[in-house]
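*Asks:* Have a look; sequence and predicted model below, questions after that.
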There are 4 protein chains.
Amino acid sequence: MAHQLGQNQYGKAENRIVRVTRTGNRHEIRDLNVSVALSGDLDDVHLTGSNANCLPTDTTKNTVFAYAKKFGVQSPENFGILLARHFVDDTPPIHRARIRVEEYVWDRIEIPDNKARFIGSEEIGHSFVRRNTEVRTSEIVYDGTNVQVISGLKDLVVMNSTNSEFWGYIKDEYTTLKEAYDRILATQVTARWKFGFSGAEGEQEPNWDRSYQQVRKHMLEAFAETYSYSLQQTLYAMGTRVLNNRAEVDEVRLELPNKHHFLVDLEPFGLENDNEVYYAADRMYGLIEGTVHREGVTPVIPVA
Amino acid sequence: MAHQLGQNQYGKAENRIVRVTRTGNRHEIRDLNVSVALSGDLDDVHLTGSNANCLPTDTTKNTVFAYAKKFGVQSPENFGILLARHFVDDTPPIHRARIRVEEYVWDRIEIPDNKARFIGSEEIGHSFVRRNTEVRTSEIVYDGTNVQVISGLKDLVVMNSTNSEFWGYIKDEYTTLKEAYDRILATQVTARWKFGFSGAEGEQEPNWDRSYQQVRKHMLEAFAETYSYSLQQTLYAMGTRVLNNRAEVDEVRLELPNKHHFLVDLEPFGLENDNEVYYAADRMYGLIEGTVHREGVTPVIPVA
Amino acid sequence: MAHQLGQNQYGKAENRIVRVTRTGNRHEIRDLNVSVALSGDLDDVHLTGSNANCLPTDTTKNTVFAYAKKFGVQSPENFGILLARHFVDDTPPIHRARIRVEEYVWDRIEIPDNKARFIGSEEIGHSFVRRNTEVRTSEIVYDGTNVQVISGLKDLVVMNSTNSEFWGYIKDEYTTLKEAYDRILATQVTARWKFGFSGAEGEQEPNWDRSYQQVRKHMLEAFAETYSYSLQQTLYAMGTRVLNNRAEVDEVRLELPNKHHFLVDLEPFGLENDNEVYYAADRMYGLIEGTVHREGVTPVIPVA
Amino acid sequence: MAHQLGQNQYGKAENRIVRVTRTGNRHEIRDLNVSVALSGDLDDVHLTGSNANCLPTDTTKNTVFAYAKKFGVQSPENFGILLARHFVDDTPPIHRARIRVEEYVWDRIEIPDNKARFIGSEEIGHSFVRRNTEVRTSEIVYDGTNVQVISGLKDLVVMNSTNSEFWGYIKDEYTTLKEAYDRILATQVTARWKFGFSGAEGEQEPNWDRSYQQVRKHMLEAFAETYSYSLQQTLYAMGTRVLNNRAEVDEVRLELPNKHHFLVDLEPFGLENDNEVYYAADRMYGLIEGTVHREGVTPVIPVA
């Protein structure tokens, strides 16, 4: 019996690409992980075994590398938009492209006191150490008309060692938690934020790199400056701070695992633990998720 | 400036629970990872710092353990339905509960030739080895009226060492892939399938454990029996096979990474590689995703 | 200032290879991860920048694939011995080779009721599902004279839901643990065992595959049949059982993390937990390691 | 049949501890993962089921937390020495203790333009973001007489985008690699270095934190400043640089996976790739390991 084919997409995932730009001795690098997902007139591919409308995933990989050469990588968002437009505009059976990009950040290795002995080494501009901080993310969707850009980050781990309380909650028959008036609040931020940018003709692209740095800064500051009565409250403060400061963003979604730090009971050893010694737990963890958006905007970032 | 609070949810994630049922010397175990996410009248929690409507995530954890004792674990789905109904029906500010369950399977250790020396050891019914095969998954959502059950599996790795071709595709300027008339087809199946079951009064629950075994079996058989011209075609065959054989399921979604096995070029060494020696690549990989559903059914399983 | 170069080695790690053997419609596969490490006259490579004595790691990779074609993969151990002998015997500056092999096991997909529609499908012998059980490991070292084989496994997860106690231990000022008279004992076995085999001329190789199955079986049986007063006691029982039953093995080393399953306190909810509901913890964990060897044998398996 | 019990050890692994030191509004944190392994008169524990000589792993965990309160965490090394001395000196059956510590680094969240609204917020000294850079490691062994300290780091990822060549190597029948005169050299450094410090009475402890920063700096500088003809040569340069600059260190061992960055062939697309576009591969990878030590010192850092 035949059944309906619903939403489907395909492409090459996790193309790991390093793009070097050389200006004399000084190199710049961008280190990306690019995933392509295409949709369109693909019923026959699923139903009949005909691949006549199928652009091979291998070709989508080649395109990522060739585009990095031809156009460089100005930013993950700009690069993703170029790719998405190409796949849809230049491949008739393809009607929608989703490009996901992760970026890994590298710093230059500092050589305060240069001891290099090879010729031309007086200025070392080609040595890098990976910062390994949070991963910058971006998702670009293009359907032939509109561009939608959702940027974000993951693995940004933050902690307040005080100024966090949790009390006044529901107590039902399964509640044993004691109210806390001074606790550690720590979380590993996953954030996504949607831009108002729609890719209309003549529309100016935001300065994606600067926007990223500013959104990140405002989230960190809001985390640090919020006296917290719940991680939910901190989440809302972080989202609001971004919207208040970055006009190009109209929706923010945050996933904040509560990385529990439990105060260790040292009384059996005759010691008082005055909020000094904590056990950092792995699992279970609270998981707080939520969207904050401007009035009048229909939120689109999906629940994970 | 105040902004809108959109979709939000919270709860305790990854509650790792082992439930032992002892019938004399013979024990049964179920090994689960249970995640709770609750939504409802939670604006104040985010906006004002009042937790009056907040059931602590710690309480949701306690409830999981207490329910395992009170009701046992008949199946992940049944257990999840019990929990979801409890959180919504018994906690006025909570209007929606989503329970996700992973299950890990254990086999009994076989003792063909019993050498145990302690009293009562003639029948060893308490020793287990984890099968480490695919993880069984389940997601139960209850909104006070309807129950929606989406079950699934992940990390089921399969391979056909022949009977797979790929040719006749689009060739654009970035295409270098050579057509293949006999290739390895391997994938790591992530599948989710939705049940028609809605939890209406008097409605009979499916036999969840038997259903799981049967869906898994039909997917494996379809994978093995399909002569494949693309992974998309195999995907559709697997989804269709499940719908044709399991009336309780009305939608199937599959995510199939193409785990590339590249034929190694042995010609430089004077050797012919007659489809015998392959290099198993990690990244990049093709990623094929799609939904198959019955006519008249509105698909609900979200894109990952 | 010049300093001494001590132990050094190099090679290509994690060569992922799948070897298919086709006998008509029935295929056999072996799925390996092979790592090569070579030592020898390599001072110049480190000190002067001369690579005259350096066999490239890329060549070691090619050799793994070419040997899989030329000789097949009888077993991880046999394949490793062939490779180790080649690198040392055929490359004058190389004096020692260490080959590490991991093997992943696949089962055939069972088709009890064959529905395949393509020609020749009546007997499907090319479809596999990965068992994902423990990983089989092997390390072969050859120094030009002797072969040393240490086989093993990892990620074999086992549990006894009773017949484990722990009491009578030291109580110092930091001891709060309560004695346990019926607890879950669970561990994730990493085991390595050394063979007496030395690769002397005319010496018969053990049946490596059969030996592996038997060692594994005896460890599982010893785990299940031992009434345990400590994980150390279980460790010793497992090692002894192998030595008593497998003459080809003369040393066993085990690393047994104590995967704690804590009895959940259900009293606050008016429920008694009669060893039924456990919380499976991730970290911290006890870690028990030890060697058991035959009298007169000098143990060589290193501490991890 | 009884067999010999060889090397054995036990203890609680991966105790995750965060130690907060509060000086008014300004907090300091140290975030550690501490693993304990004890050896001694433990034959009975393995052979007879008597735990009379067994200090429970749970007690070793409690001790880690209690010591963090009592003595603070001056440095991972100092903390490990305190613990190791305690377990051996204060527990008669324990004759040897090995303490392993990992440390995770946090930076303060910068608030350039303070917007906090709660009282006392003018100086935020309790908000941190995890740097997620390399992990600092330390292993302390105490046998009742001597202390041995091996410190290190892992997951330090570095790259030179030029000034690396590889040619002039052995060409055998399996060699296909082309010589390279300008390649990317990237690696993920795992390093361990042994201190001359032996813990004799009156001996001054090094400034562990400063030593760590300096060793790291010298390794990074040596990596950046070495014009490389092989990763082995870079390894030797890194080890030598540390020994030349840090008198407290007398042995260095490095494990350097060659994180291959392959130049992408863009010729099929009519593009020249002038060392601009690379594919960053995961596996296989070269693995280069080696020890550099002072003359007259017997190296002790084991092969991984």
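*Replies:* Everything's here; your move.
*Asks:* Once you drop chain neighbours, what's closest to A:Gln4?
*Replies:* Once flanking residues are discounted, A:Gln4 sits nearest to B:His293: 5.2 Å by CB to CB, 6 or more residues apart in numbering or on different chains. To be clear about C-beta, it is placed using only N, CA and C from the backbone, and glycine gets the same treatment.
*Asks:* residues touching that neighbour, list them.
*Replies:* Applying CB atoms under 8 Å, 6 or more residues apart in numbering or on different chains to B:His293 gives the contacts A:3-4, A:6, B:243, B:250-252, B:299.
*Asks:* for stretch A:158-169, which positions count as buried?
*Replies:* Buried residues in stretch A:158-169, defined by neighbour count with 16 or more other CB atoms under 10 Å in any protein chain shown: A:158-166, A:169.
*Asks:* ditto for stretch A:71-85
*Replies:* A:72-73, A:75-85.
*Asks:* could I have that stretch exported to CSV, CA atoms only?
*Replies:* The C-alpha coordinates for stretch A:71-85 follow below in CSV (Å, rounded to 0.1, in the frame of the first residue of the first chain):
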residue,chain,number,x,y,z
PHE,A,71,33.9,34.1,-2.1
GLY,A,72,35.9,33.6,1.1
VAL,A,73,34.2,33.4,4.5
GLN,A,74,33.1,36.8,5.6
SER,A,75,31.1,35.3,8.4
PRO,A,76,29.1,32.1,9.0
GLU,A,77,25.9,33.9,8.2
ASN,A,78,27.1,35.5,5.0
PHE,A,79,28.6,32.3,3.8
GLY,A,80,25.5,30.3,4.6
ILE,A,81,23.3,32.8,2.7
LEU,A,82,25.5,32.5,-0.4
LEU,A,83,25.3,28.7,-0.3
ALA,A,84,21.5,28.6,0.3
ARG,A,85,20.8,31.0,-2.5
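*Asks:* Give me the contacts around it.
*Replies:* A:19, A:21, A:30, A:32, A:34, A:36, A:63-64, A:67-68, A:97-103, A:136-142, A:147, A:149, A:151, A:199, A:205-206, A:208-209.
*Asks:* between the buried residues of stretch A:158-169, which is nearest chain C?
*Replies:* Checking the buried residues of stretch A:158-169 against chain C with CB to the nearest CB, the nearest one is A:Tyr169 at 16.3 Å.
*Asks:* what's the closest non-adjacent residue to that closest one?
*Replies:* A:Tyr169's closest residue in space is B:Asn51 (CB to CB, 6+ apart), at 4.2 Å.
*Asks:* Which stretches in the stretch 201-304 of chain A count as strands?
*Replies:* Assigned by DSSP state E, counting those that start in this stretch, the stretch 201-304 of chain A shows strands spanning A:249-258, A:261-263, A:277-280, A:285-293.
*Asks:* The contacts of B:His293, buried ones only, as a PyMOL selection?
*Replies:* Restricted to buried positions by 16+ other CB under 10 Å, the PyMOL selection for the contacts of B:His293 reads:
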select buried, (chain A and resi 3+6) or (chain B and resi 243+250+251+252+299)
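*Asks:* Output the contacts of B:His293 in CSV, with pLDDT appended to each entry.
*Replies:* Below are these laid out as CSV (pLDDT from 0 to 100):
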residue, pLDDT
A:His3, 96
A:Gln4, 97
A:Gly6, 97
B:Leu243, 98
B:Asp250, 98
B:Glu251, 98
B:Val252, 98
B:Pro299, 98
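*Asks:* Could you report the neighbour count for A:Thr59?
*Replies:* 24 (other CB atoms under 10 Å in any protein chain shown).
*Asks:* Quick one: mean pLDDT for the helix or strand harbouring A:Ile99?
*Replies:* Using DSSP states H and E, A:Ile99 falls within strand A:94-104. Summarised as a single mean, pLDDT over strand A:94-104 is 98.
*Asks:* Tell me the helices and strands packed up against that strand.
*Replies:* Helices and strands touching strand A:94-104, by 3 or more CB pairs under 8 Å, 6 or more residues apart in numbering or on different chains; DSSP states H and E, are strand A:26-40, helix A:76-90, strand A:135-142.
*Asks:* could those go into a markdown table alongside mean pLDDT and distance to C:Arg131?
*Replies:* Shown next, in a markdown table, are those (pLDDT from 0 to 100; distance: least, CB to CB, whole Å):
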| stretch | mean pLDDT | distance to C:Arg131 |
| --- | --- | --- |
| strand A:26-40 | 97 | 29 |
| helix A:76-90 | 98 | 39 |
| strand A:135-142 | 98 | 33 |
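*Asks:* okay, A:Ile111: pLDDT?
*Replies:* 81.
*Asks:* my read is it is in a helix, agree?
*Replies:* No: with DSSP: H, G, I helix; E, B strand; the rest coil as the criterion, A:Ile111 is assigned coil and is not in a helix.
*Asks:* Please tell me how far it sits from A:Gln7.
*Replies:* 52 Å (CB to CB, to the nearest Å).
*Asks:* neighbour-wise, which of the two wins?
*Replies:* A:Ile111 (18 against 14).
*Asks:* okay but the more buried one is in contact with A:His126, surely?
*Replies:* No: assessed by CB atoms under 8 Å, A:Ile111 is found out of contact with A:His126, at 11.4 Å.
*Asks:* buried ones in the longest helix anywhere in chain A?
*Replies:* Secondary structure of chain A per DSSP state H: the longest helix is helix A:208-225. Burial within helix A:208-225, assessed by neighbour count using 16+ other CB under 10 Å, is assigned to A:208, A:211-212, A:214-225.
*Asks:* Next, the angle helix A:76-90 makes with it.
*Replies:* 130 degrees (axes from the mean of the first three to the mean of the last three CA atoms, to 10 degrees).
*Asks:* what distance separates helix A:208-225 from the centre of its chain?
*Replies:* 13 Å (CA atoms, centre = their mean, to the nearest Å).
*Asks:* Then stretch A:269-283?
*Replies:* 33 Å.
*Asks:* so does the longest helix of chain A get close to chain B?
*Replies:* No: residues of helix A:208-225 contacting chain B under CB under 8 Å from any CB of the partner chain: none, with a closest distance of 12.7 Å.
*Asks:* tell me the mean pLDDT for stretch A:261-268?
*Replies:* Stretch A:261-268 carries an average pLDDT of 96.
*Asks:* So what would you say the end-to-end distance of that stretch is?
*Replies:* Stretch A:261-268 has an end-to-end distance of 20 Å (criterion: CA to CA, to the nearest Å).
*Asks:* repeat for stretch A:139-152
*Replies:* Start-to-end, stretch A:139-152 (CA to CA) is 9 Å.
*Asks:* Tell me the buried residues in that stretch?
*Replies:* Buried residues in stretch A:139-152, counted by 16+ other CB under 10 Å: A:139-142, A:147-152.
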